[in-house]
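Participant: sequence-free structure coming up:
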DNA sequence: CAATAATGTTAAATCTATTTAACAATGTTT
DNA sequence: AAACATTGTTAAATAGATTTAACATTATTG
């Protein structure tokens, strides 16, 4: 059975986690957060922020002196740092390792931070660190060369797969990729 | 401004995409899909499937002879293959490259397939292919050794980062990881 | 073929996250 | 201090995705 897309009970929803990180970032940069800051940062209307903050408060993750500042509780800060750490790892991985364009990496990291398990994040970090090991930077460079050679043509010259699956037709994609691991 | 967590207009919601892939898989394995199959596969109640299928039908992605079979249209199949391809790439990347446990990889791939951009998926595929290049398998093997050495202790001996961020306290995590790339 | 089982739909309710409109509180400026 | 601007809240509505309960249709089988 395929997993549920919805977050499990007891954990914060992706949306609330997103608010939490926004508050964390604001608190880091200006000492505290205000509803308007959050709203403009996330591109949502203020009442949405009000509602979210209320929920976060009822979960004991922020303290909110109404019409004044919003601050993370110790618990909230802990959680926020977790999300923020995930974001950083993902961001670095996407840009530094995979070579994803920064704008795109940002968007992807912003969603992945809420959806990718801690286990997998750990592994992402491992790989990130592996490439930082003395002597391994050149491996990464070699990959970047390989990658660039893929970008230049529709089909990667060195393998049978299309390198830009978002551009090409997917028609035979799924046949080409062995799905032995799949267990639906 | 941080991106919205919600899917953009015109594109399918993660939920509907998930149904679409389920139908795709069922169609591949038994020729067609039925409401009950989908429901049990996704672990949701049948009315949820009914509703989703209705929406997919109105989007021209499936044909549904009520009380009978659900089949992908040409358009639906194309989209489903796209999602399925993403899933495969992510699954292989997580298990083969990162060494994530299969159960966990499956869960993660199931959400990432809906949230990670095509651009990034392309890069994941590139890296996957890079490691398959003749002579590069040993690099991957080297990483796997490195990774295992991290698992054995809380803090990776070869770097200043904690390798298992989901287990350790995040308190100084965010300070350690430079977030220069972040632009909130 | 009638009874029962399996399958599918509709209806009603819930929950989360959002919006706009209207209003309330606070701060600033003259 | 009064007027205005900024900031924040409440209320009401919408939209998506879900659930349970009840009912409808189709299939099986005794």
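Facilitator: Structure's in. What do you need? Bear in mind that the values here come from a model prediction, so they are computed numbers and not experimental data. Residues are numbered from 1 along each chain as shown, chains lettered A, B, ... in the order given.
Participant: which SSE is the residue positioned nearest the centre of chain A in?
Facilitator: Note on chain A: the residue nearest the mean C-alpha position is residue A:109, at 2.6 Å, using Cα atoms, centre = their mean. Remark: residue A:109 resides in helix A:102-115, with elements defined by DSSP states H and E.
Participant: what comes into contact with that helix?
Facilitator: Residues outside helix A:102-115 that contact it (Cβ atoms under 8 Å, 6 or more residues apart in numbering or on different chains): A:14, A:17-18, A:21, A:83, A:86-87, A:90-91, A:94-95, A:98, A:100, B:2-3, B:5, B:108, B:111-112, B:115-117, B:119-120, B:181-183. For glycine as for every other residue, the C-beta is placed from the backbone atoms N, C-alpha and C.
Participant: tell me which residues touch residue A:16, please.
Facilitator: By Cβ under 8 Å, 6+ apart, the contact set of residue A:16 is A:52, A:55-56, A:59.
Participant: inside helices: which ones of those residues?
Facilitator: When the contacts of residue A:16 are checked against helices (DSSP state H), the matches are A:52, A:55-56.
Participant: got the angle between the helix holding residue A:109 and helix B:102-115?
Facilitator: 130 degrees (axes from the mean of the first three to the mean of the last three Cα atoms, to 10 degrees).
Participant: check whether helix A:102-115 comes near DNA strand D.
Facilitator: No: contact of helix A:102-115 with DNA strand D (Cβ under 7 Å from any atom of the strand) is absent, the minimum separation being 14.4 Å.
Participant: buried residues, that helix. List them.
Facilitator: Of the residues in helix A:102-115, A:104-115 count as buried by neighbour count, 16 or more other Cβ atoms under 10 Å in any protein chain shown.
Participant: that helix vs DNA strand C: in contact?
Facilitator: No: contact of helix A:102-115 with DNA strand C (Cβ under 7 Å from any atom of the strand) is absent, the minimum separation being 10.0 Å.
Participant: now do that helix, average pLDDT.
Facilitator: Helix A:102-115 shows a mean pLDDT of 95 in the predicted model.
Participant: from the chain's centroid, how far away is the helix or strand hosting residue A:141?
Facilitator: For residue A:141, the host element (DSSP H and E) is helix A:137-151. Relative to its chain's centre, helix A:137-151 lies at 23 Å (Cα atoms, centre = their mean, to the nearest Å).
Participant: report all helices and strands that that helix contacts.
Facilitator: helix A:118-132, helix B:118-132 (3 or more Cβ pairs under 8 Å, 6 or more residues apart in numbering or on different chains; DSSP states H and E).
Participant: so which of the ones you listed comes closest to DNA strand D?
Facilitator: For DNA strand D, the closest of the helices and strands packed on helix A:137-151 is helix B:118-132, at 19.5 Å, according to Cβ to the nearest atom of the strand.
Participant: per-residue pLDDT of residue A:149, please?
Facilitator: 86.
Participant: neighbours around it, how many?
Facilitator: Per other Cβ atoms under 10 Å in any protein chain shown, the neighbour tally for residue A:149 reads 14.
Participant: state the pLDDT value of the closest residue to residue A:55 other than its chain neighbours.
Facilitator: Excluding the flanking residues, the one nearest residue A:55 by Cβ to Cβ, 6 or more residues apart in numbering or on different chains is residue A:16, at 6.2 Å. The model reports residue A:16 with a pLDDT of 98.
Participant: name the element residue A:16 belongs to?
Facilitator: Taking DSSP H and E as the definition, one finds residue A:16 inside helix A:14-30.
Participant: okay, now the domains of chain A?
Facilitator: What the record gives for chain A is the domain set A:14-78, A:84-150, from automatic domain parsing.
Participant: get me the contact residues on chain A for DNA strand C.
Facilitator: Counting by Cβ under 7 Å from any atom of the strand, the residues of chain A that sit close to DNA strand C are A:13-16, A:43-48, A:51-52, A:55, A:67-68.
Participant: of these, grab the buried ones for ChimeraX.
Facilitator: This is how ChimeraX selects the buried members of the residues of chain A next to DNA strand C, with burial counted by 16+ other Cβ under 10 Å:
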select /A:14,15,16,44,48,52,55
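Participant: now, among the residues of chain A next to DNA strand C, which is nearest to residue B:131?
Facilitator: Closest approach between the residues of chain A next to DNA strand C and residue B:131, by Cβ to Cβ: residue A:14, at 30.7 Å.
Participant: DNA strand C versus the nearest residue to the closest one once chain neighbours are set aside, what's the distance?
Facilitator: Using Cβ to Cβ, 6+ apart and skipping the chain neighbours, the partner closest in space to residue A:14 is residue A:114 (3.7 Å). Residue A:114 is 10 Å from DNA strand C, where distance means Cβ to the nearest atom of the strand, to the nearest Å.
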